[in-house]
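**Student:** compute the structure for the input listed below.
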Amino acid sequence: MKSKFFGLVVIVIGWAILPVSANASTLDFTFSFTNDSGDVNGTVTGEIIGLADNATSSASAIYITSYPASLGLSLTTPYSLTPLPSSTLNKFRVFNGEVVESGFLYEIGSLALVLDNSEALLENAGSGFL
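**Tutor:** Residues are numbered from 1 along each chain as shown. Predicted coordinates for the structure are as follows:
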């Protein structure tokens, strides 16, 4: 799935990251992306937890809150990707409450989730991708 950030705009054609809530030191965001080139139709939604404002930081947790059943995953939602393996790419830059750069890769078994500046992808190696 190909998507691009445009300047400091958080909503992106194909996928979006939107602020949800914050405490004194961190921000939480929701994300969503919809198939535009994969072999499974539908939308994936989730949450990114614990990012620092005006800094580059790692998410403390990421949740998949919904995904198309036709993807063939057996995940109970919300599905926590926590604890994140130390080998996981997990970098988000937040500026004035908006995610302006992201690099996230999670792979375990046949499940892969990618959120970065150029694409968003949820894949089940056995069934296809969104």
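**Student:** please, where are all the helices along this protein?
**Tutor:** Using DSSP state H, the chain contains no helices.
**Student:** biggest strand in it by residues?
**Tutor:** Longest among the strand segments of the chain by residue count, using DSSP state E, is strand 98-108.
**Student:** in that strand, what counts as buried?
**Tutor:** For strand 98-108, the neighbour count (16 or more other CB atoms under 10 Å) marks 98-100, 102, 104, 106 as buried. C-betas here are computed from N, CA, C, even on glycine.
**Student:** of those residues, closest to residue 26?
**Tutor:** Closest to residue 26 out of the buried residues of strand 98-108 is residue 99 (12.8 Å), distances taken as CB to CB.
**Student:** wait, the closest one touches residue 51, no?
**Tutor:** Yes: with contact defined as CB atoms under 8 Å, residue 99 counts as touching residue 51 (7.3 Å).
**Student:** for those two, list the residues in contact with both.
**Tutor:** Residues touching both residue 99 and residue 51 (CB atoms under 8 Å, 6 or more residues apart in numbering): 29, 92.
**Student:** tell me how far the longest strand of the chain lies from the chain's centre.
**Tutor:** Chain-centre distance of strand 98-108: 6 Å, with CA atoms, centre = their mean, to the nearest Å.
**Student:** and the average pLDDT for that strand is what?
**Tutor:** Mean pLDDT, strand 98-108: 92.
**Student:** ok, now stretch 35-43?
**Tutor:** Throughout stretch 35-43, pLDDT has a mean value of 81.
**Student:** next one: stretch 46-53
**Tutor:** Computed over stretch 46-53, the average pLDDT equals 96.
**Student:** now it, how far from the chain's geometric center?
**Tutor:** 10 Å.
**Student:** buried residues, that stretch. List them.
**Tutor:** For stretch 46-53, a neighbour-count test (16+ other CB under 10 Å) marks 46-51 as buried.
**Student:** other SSEs contacting the longest strand of the chain?
**Tutor:** Judged by 3 or more CB pairs under 8 Å, 6 or more residues apart in numbering; DSSP states H and E, strand 98-108 is in contact with strand 15-22, strand 89-95, strand 111-116.
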